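*Asks:* Need a 3D model of the sequence below.
(one chain, ligands or ions: 2)
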Amino acid sequence: MNDEIGKSFIEAWKKKLQSRSGQPLVFFVVGRAGWGKSSTVNSLVGKIVSKVDDDELATTEVTDFYFTINGVKAKIFDTPGLCDGTGNESIYMREIRSKISKPDVMLYVTRLDETRITDNDLRGIKILSEALSIKIWENAVIVFTFANNVSAENYSTKLKKRTEVIKKAITDCIKDEQIVLDIPVIAIDNKNKITPDGKEWLGEFFTVVAERTSLESFITFLEMLTSSITQRTNLSKSQKEKIRKKFISAVFQNAAAGMGIGVLIAGLLVSPSIIGFAGGGILGTLIGAWLSKDE
Ligand SMILES: Nc1nc2c(ncn2[C@@H]2O[C@H](COP(=O)(O)OP(=O)(O)OP(=O)(O)O)[C@@H](O)[C@H]2O)c(=O)[nH]1
Ligand SMILES: [Mg+2]
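*Replies:* Numbering: from 1, shown residues only. Ligands and ions are numbered 1, 2, ... in the order given. Predicted coordinates:
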């Protein structure tokens with residue numbers, strides 16, 4: 001049987017691995033003090049990498065810190081004070097512009113159990129969009145924390161309303177409806193495995209973040225989090241399918257243009273080189289998780 005697709009996949013992937021060499025994955029986390037930014041990052045990566053505090057800090061500087069998971073280095077940018085109204089606009093602009101390299105993904109963290117949006121939130125959105133360009137929203141996910149503070153009866157209405165409010169604020173600021181329409185929204189609760197609708201949120205959270213992560217960094221993102229996520233939750237068939245598609249696109253990029261993704265998927269799932277991949281290590285883990293046939 002012809003195994004061209006499988007072989008070229010492995011080859012393209014190995015080339016990608018060599019070219020990336022040590023560049024960290026860049027996460028940018030934005031939101032008000034105490035609204036769960038650090039907890040959200042910890043939930044995503046399955047490890048305490050960011051300090052969770054109950055006290056509010058009053059720094060107004062862009063801070064960054066590094067952590068390593070599964071041999072992959074990541075960098076997180078945090079902007080204390082940005083959405084709290086404590087800082088000076090021009091200082092922020094300068095700080096953000098000079099310190100923040102283009103993030104691979106941005107988490108815009110806000111509480112689900114809040115109702116209004118304040119001038120400080122608007123100001124934060126405006127500063128971000130001006131300092132980093134409105135393109136930053138193309139890699140953004142809106143994360144609603146404290147989901148379980150909302151009752152099961154009110155949950156879906158609340159989620160809908162809160163989404164409208166936040167999206168309207170971003171639209172008013174960046175004046176690009178399509179970009180805002182495309183921003184995925186997820187409700188989570190860092191103190192609970194399930195949200196008030198009774199569903200486990202971690203798999204969906206991972207999937208939406210993965211979908212918004214830049215294509216250049218996507219393989220690195222998977223290398224970092226695949227074993228962690230598959231150990232902590234079961235992804236649904238459709239979540240798995242989304243990751244699989246992006247994984248294949250990230251490996252082949254333009255090389256497989258012209259061949260439909262459906263054809264590639266079908267070929268890869270039955271490819272002897274993929275199925276029998278004996279390299280073990282990270283390649284084996286990713287193939288096992290994303291390129292094995294669903295039961
Ligand atoms: N119930 C509940 N508590 C949360 C949730 N997320 C965070 N917390 C708690 O809220 C407090 C603040 O959380 P952090 O993750 O430190 O918030 P932060 O936005 O990083 O705060 P700063 O770093 O001070 O800006 C901690 O006591 C967390 O345990 C959540 O989803 N649900
Ligand atoms: Mg924090």
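*Asks:* which other residues reach the host helix or strand of residue 94?
*Replies:* Assignment of secondary structure by DSSP states H and E places residue 94 within helix 89-99. When contacts are defined by C-beta atoms under 8 Å, 6 or more residues apart in numbering, helix 89-99 is touched by residues 60-62, 64, 77, 79, 82, 123, 127-128, 130-132. From N, CA and C alone the C-beta is placed, and that goes for glycine too.
*Asks:* show me the biggest helix of the protein in terms of residues.
*Replies:* In terms of residue count, the longest helix belonging to the chain (DSSP state H) is helix 155-174.
*Asks:* what about the helix holding residue 94, average pLDDT?
*Replies:* Averaging pLDDT along helix 89-99 yields 84.
*Asks:* The nearest residue to residue 226 once chain neighbours are set aside and residue 210, how far apart?
*Replies:* Counting by C-beta to C-beta, 6 or more residues apart in numbering, residue 226 lies nearest to residue 289, which is 5.0 Å off, once chain neighbours are set aside. Between residue 289 and residue 210 the distance is 12 Å, computed by C-beta to C-beta, to the nearest Å.
*Asks:* Which pLDDT value belongs to the residue nearest the centre of the chain?
*Replies:* The chain has residue 209 as the residue nearest its centroid, 2.4 Å off, counting by C-alpha atoms, centre = their mean. Confidence per residue is given as pLDDT, and for residue 209 that number is 98.
*Asks:* what does residue 275 give?
*Replies:* The per-residue pLDDT of residue 275 was computed as 79.
*Asks:* Contacts only, for whatever residue of the stretch 101-250 of the chain ends up closest to ligand 2.
*Replies:* Relative to ligand 2, the nearest point of the stretch 101-250 of the chain is residue 109 (9.5 Å; C-beta to the ion). Contact criterion C-beta under 8 Å, 6+ apart gives 29, 30, 31, 35, 36, 37, 40, 143, 145 as the residues in contact with residue 109.
*Asks:* Let's have these in a markdown table, adding distance to residue 215, secondary structure and neighbour count.
*Replies:* A markdown table is the format used below for the contacts of residue 109 (distance: C-beta to C-beta, whole Å; DSSP: H, G, I helix; E, B strand; the rest coil; neighbours: other C-beta atoms under 10 Å):
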| residue | distance to residue 215 | secondary structure | neighbour count |
| --- | --- | --- | --- |
| 29 | 21 | strand | 22 |
| 30 | 22 | strand | 23 |
| 31 | 25 | strand | 24 |
| 35 | 29 | coil | 19 |
| 36 | 28 | coil | 24 |
| 37 | 25 | helix | 26 |
| 40 | 23 | helix | 24 |
| 143 | 21 | strand | 30 |
| 145 | 27 | strand | 25 |
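*Asks:* ok, which of the residues you listed also contact ligand 2?
*Replies:* Contacts with ligand 2 within the contacts of residue 109, as defined by C-beta under 5 Å from the ion: residue 37.
*Asks:* Nothing else from me, thank you.
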